[in-house]
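Okay, predicted coordinates and the sequence, questions at the end:
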Amino acid sequence: MARFTDSAAQAVADVKDGATVLIGGFGAAGQPVELIEALLEQGSTGLTVVNNNAGNGEVGLAALIGAGRVAKMICSFPRQSDSQIFDAAYRAGKVQLELVPQGTLAERIRAGGAGIGGFFTPTGYGTPLAEGKETRVIDGRGQVFESPIRADVALVKALTADRLGNLVYRKTARNFGPVMAAAAEHAIVQVSNVVDVGGLDPEVIVTPGIYVDTVVEIPHPSAPVSA
Amino acid sequence: MARFTDSAAQAVADVKDGATVLIGGFGAAGQPVELIEALLEQGSTGLTVVNNNAGNGEVGLAALIGAGRVAKMICSFPRQSDSQIFDAAYRAGKVQLELVPQGTLAERIRAGGAGIGGFFTPTGYGTPLAEGKETRVIDGRGQVFESPIRADVALVKALTADRLGNLVYRKTARNFGPVMAAAAEHAIVQVSNVVDVGGLDPEVIVTPGIYVDTVVEIPHPSAPVSA
Amino acid sequence: MNSTDTPLAKADLAALVAGDIETGSFVNLGIGQPTLVADHLTPEQHVTLHTENGMLGMGRAAVGDEIDPDLINAGKIPVVENPGAAYFHHADSFAMMRGGHLDVCVLGAFQVSVRGDLANWSTGAPDAIPAVGGAMDLAIGARQTWVMMTLFGKDGTPKIVTDLTYPATGVTCVSRVYTPEAVFLVDPETGLSVRETHGPSIDELSERMGLELRPT
Amino acid sequence: MNSTDTPLAKADLAALVAGDIETGSFVNLGIGQPTLVADHLTPEQHVTLHTENGMLGMGRAAVGDEIDPDLINAGKIPVVENPGAAYFHHADSFAMMRGGHLDVCVLGAFQVSVRGDLANWSTGAPDAIPAVGGAMDLAIGARQTWVMMTLFGKDGTPKIVTDLTYPATGVTCVSRVYTPEAVFLVDPETGLSVRETHGPSIDELSERMGLELRPT
């Protein structure tokens, strides 16, 4: 059952060294800025971080990488115009990279939460990203075997939670949030507001509270990093 | 782009002999009664039908089976107290049965719509339903390989469509509808009402119109068969 | 070890199961005897019920005007919606199940093996039309699968066995077996043990069941 | 065969692509040059744009007060929402793509092979940090994958090739290539052909590209 706090620091207090951490967001939208900052303060290290990107600018995930806390990134698009911190850490051999096509990344996380042992996808067949992976031709189409991603922790941003932890999101800020919350042992969600039980229509809940462990109310989240 | 009609007969007019037809509903909830009746009238034969059950009583899917129009059922729970029509047809060798665990059935249909070539699931491992199937131990857990289900046609019942075919459902009548609409070449949906574009909140749409081919407005659907 | 002098009545067994469910749990109650457990859950337990046809926050059976054909449980019985409920489609519902997000699933059974193998979907009768429903998904999905059943068949045959004779629903999936005469725990390492008895002693049970039994 | 005397300007090429999209299509426009296509779609075409970060019914770029950090496209540019839009999560969005539900995806490219293999994610430079994003999903997902690109690199090297020299994004996935000088069709059976030219003749193109070319 979801716990509630107004302290991002308290929400991330139990993240262990070596943990796998799913971080939601695509660009600015859905980026759990306060939770990432709290994780930076918290000090755990040797993390495997799963995010679409690998940080940009100097704050948030980039700062986490810059502080030497990330041993491995699993992402689809690390290289950006302002990904200099990841770029430097990667070139210096300080962080490993597992590059995954974006849709395969989303599906692997979905499989993790859904108890699927692995799946075949046509994405990446015949490309360098299929090298070393099992492939199979199914119904005339080349396919690549991909494994689920599960994690110890997810950091997700949603719009509203009710007191059972049911969540709704806002526009394209939904992105990876629902699949990440489901794929983590401990899903930590920052929301702009919390409503009473019954305050969300059961037909419109996107993430049922069963997937949510900790909710942090942050009424006015920071303007997120822009890309 | 979705076409609109108020004729269930017109909606199902193009179903071909030998087609695979997904039929939504779990018990009474979400059962597209008028569409099934129209398919019965329409006359196509040699059908493979995918539904959670295999008909009950004397009407709807049971009547379709009774009329000798179904060559094969793919379902999880054919045997019920009032499944006498299927039972007789099956015992007489007139209809084939592919029995699939309910969650595997839903996931196979989901895979069909999602372009997944197949997946491993722990469901059914070590049971008679895994016989003849590829199995694999993944992370210490026995798993069974399952293939996607795609279909020519889906018959689905939803609550409301907008003029782009975006759908919302009602309570547990949602059940198989969203995955079936996505897994069919031609998704035919009966709804209780149609609203203008903009009449559904973009945050609450369950089935985007991209999955919907034909919408039939049936303002007062029949009381469905009860189980 | 808890104990009573006589085997538990159905309602008492359901109350025992209900009392063992931890506060705040998410639970699926299988069709049949397990549905009785719901009657014994207290509001203070904050237990959320899942029904695999696409709902969390399932309430009690609907009566009178509450009956709504669009709101049913996995047994196709009309139910009501509790505050804070959520609806989702069938694939999402079984993803929730298969992904290990439910704390407990309580099922009926024909047989359970000493290793926790479960048989509850088919008697294997040669002329039977097979039907599995969600049984195999439920058996392996929850963090804990508990069985509620009579310990002996009508002919006195024990239903906890060394090896299943009925077709399996799932292997090494059951962690507890609640019966009128005793509650059994199944540990993946150490096997079957008896947590409590009601009526017969462990020695008596051992003899009737033809199994070596030990207390937990 | 349609033809003009000179190669098409970028805007004219985008208009040509837009005009080829059938009424009522669902379309994904890749980052870069393909985004120009949106400017040439007419309301009468009823084209619905998909953005893989979770939206159907994406509108034009947002300006001024319309800018909302929660409403961006795959290029991370703020956009507006068209009436009838729908939001969904990333796995559902790529399921929509991978499942073949989009009619057309228009992508930029480094190279396309005569069999429709696509290279658009990596130049294979040894010191480059690899990044793929949604390129591989987009390449193989839509019913038709169209490429918009210059036909020749800055050094004059043709970008339609017998075999890719850059790392592949997808194999046998491209069905059309729109370039300023010509529109090429790629048929899985019969291979590459020229639908129309703008400027050079087929023979001239054939010579510059070092490929046997034929009209469609």
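Alright, I've got the coordinates.

next helix or strand past the longest helix along chain C?
Using DSSP state H, we find that the single longest helix of chain C is helix C:10-20. Sequence-wise, the next helix or strand downstream of helix C:10-20 (DSSP states H and E) is strand C:26-29.

can you tell if that following strand touches chain B?
No: using Cβ under 8 Å from any Cβ of the partner chain, strand C:26-29 never reaches chain B; the gap is at least 11.7 Å. Where C-beta positions appear, they are placed from N, C-alpha and C, glycine not excepted.

name the helices or strands packed onto the helix or strand just after that strand?
Moving toward the C-terminus from strand C:26-29, the next helix or strand (DSSP H and E) is strand C:48-51. Applying 3 or more Cβ pairs under 8 Å, 6 or more residues apart in numbering or on different chains; DSSP states H and E, we find strand C:48-51 packed against strand C:26-29, strand C:55-61, strand C:79-87, helix C:90-98.

ok, 6 Å please
strand C:26-29, strand C:55-61 (3 or more Cβ pairs under 6 Å, 6 or more residues apart in numbering or on different chains; DSSP states H and E).

could I get those as CSV with distance to residue B:217?
Below are the helices and strands packed on strand C:48-51 laid out as CSV (distance: least, Cβ to Cβ, whole Å):
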stretch, distance to residue B:217
strand C:26-29, 36
strand C:55-61, 27
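
Make JSON lines out of those and add mean neighbour count.
Shown next, in JSON lines, are the helices and strands packed on strand C:48-51 (neighbours: other Cβ atoms under 10 Å in any protein chain shown):
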{"stretch": "strand C:26-29", "mean neighbour count": "27"}
{"stretch": "strand C:55-61", "mean neighbour count": "21"}
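
Chain D is nearest to which of these?
Closest to chain D of these, according to Cβ to the nearest Cβ: strand C:55-61, at 17.8 Å.

Contact partners for the closest residue to chain D within chain A?
Nearest to chain D, among the residues of chain A, is residue A:103, at 3.0 Å (Cβ to the nearest Cβ). Contact analysis of residue A:103 by Cβ atoms under 6 Å, 6 or more residues apart in numbering or on different chains lists A:123, D:94, D:98, D:137.

ok, now with 10 Å
For residue A:103, the contact set (Cβ atoms under 10 Å, 6 or more residues apart in numbering or on different chains) comprises A:76, A:121, A:123-124, B:114-115, D:52, D:90-91, D:93-98, D:133-134, D:136-138, D:140-141.

just residue C:35 next, same as before
Contacts of residue C:35 by Cβ under 10 Å, 6+ apart are C:14, C:29, C:49, C:61, C:73-75, C:77, C:106, C:108, C:148.

Can you list the low-confidence ranges for chain A?
Residues of chain A that meet the criterion pLDDT under 70 lie in A:224-227.

Try it again at 50.
Along chain A, segments meeting pLDDT under 50 span A:227.

Surely the residue of chain A closest to chain D is in a strand?
No: going by DSSP: H, G, I helix; E, B strand; the rest coil, the assignment for residue A:103 is helix, not a strand.

any idea how far it is from residue B:185?
22 Å (Cβ to Cβ, to the nearest Å).

And the helices in chain A?
A:8-11, A:33-42, A:61-66, A:84-91, A:102-114, A:177-183.

residues contacting the residue in chain A sticking out farthest from the centre?
Distance from the centre of chain A peaks at residue A:140, with 33.8 Å (Cα atoms, centre = their mean). With contacts defined as Cβ under 10 Å, 6+ apart, residue A:140 has no neighbours.

and chain A, which of its residues are near chain B?
Within chain A, the positions near chain B by Cβ under 10 Å from any Cβ of the partner chain are A:103, A:107, A:110-111, A:114-123, A:125, A:136-139, A:141-148, A:150, A:159, A:168-171, A:174, A:201-206.

Just the buried subset of those, please.
A:103, A:107, A:110-111, A:114-123, A:125, A:142-148, A:150, A:159, A:168-171, A:174, A:202-206 (16 or more other Cβ atoms under 10 Å in any protein chain shown).

Residue C:167 against residue C:123, yeah?
Yes: between residue C:167 and residue C:123 there is a contact under Cβ atoms under 10 Å: 8.2 Å.

joint contacts of those two?
Between them, residue C:167 and residue C:123 share the contacting residues C:110-111, judged by Cβ under 10 Å, 6+ apart.

between these two, which one's more packed in?
residue C:167 (18 against 11; other Cβ atoms under 10 Å in any protein chain shown).

from what I can see, that one looks like it's in a helix, true?
No: under three-state DSSP, residue C:167 falls outside any helix and is assigned coil.

who's in contact with the host helix or strand of residue C:204?
For residue C:204, the host element (DSSP H and E) is helix C:202-209. Defining contact as Cβ under 10 Å, 6+ apart, one finds that helix C:202-209 is touched by C:1, C:114, C:151-152, C:156-162, C:179, C:181-182, C:184, C:192-194, C:196-197, C:199-201, C:211-215.

In it, which residues are buried?
Judged by neighbour count (16+ other Cβ under 10 Å), helix C:202-209 contains these buried residues: C:202, C:205, C:209.

out of those, who's nearest chain D?
The closest of those, once distances to chain D are taken by Cβ to the nearest Cβ, is residue C:209, at 47.5 Å.
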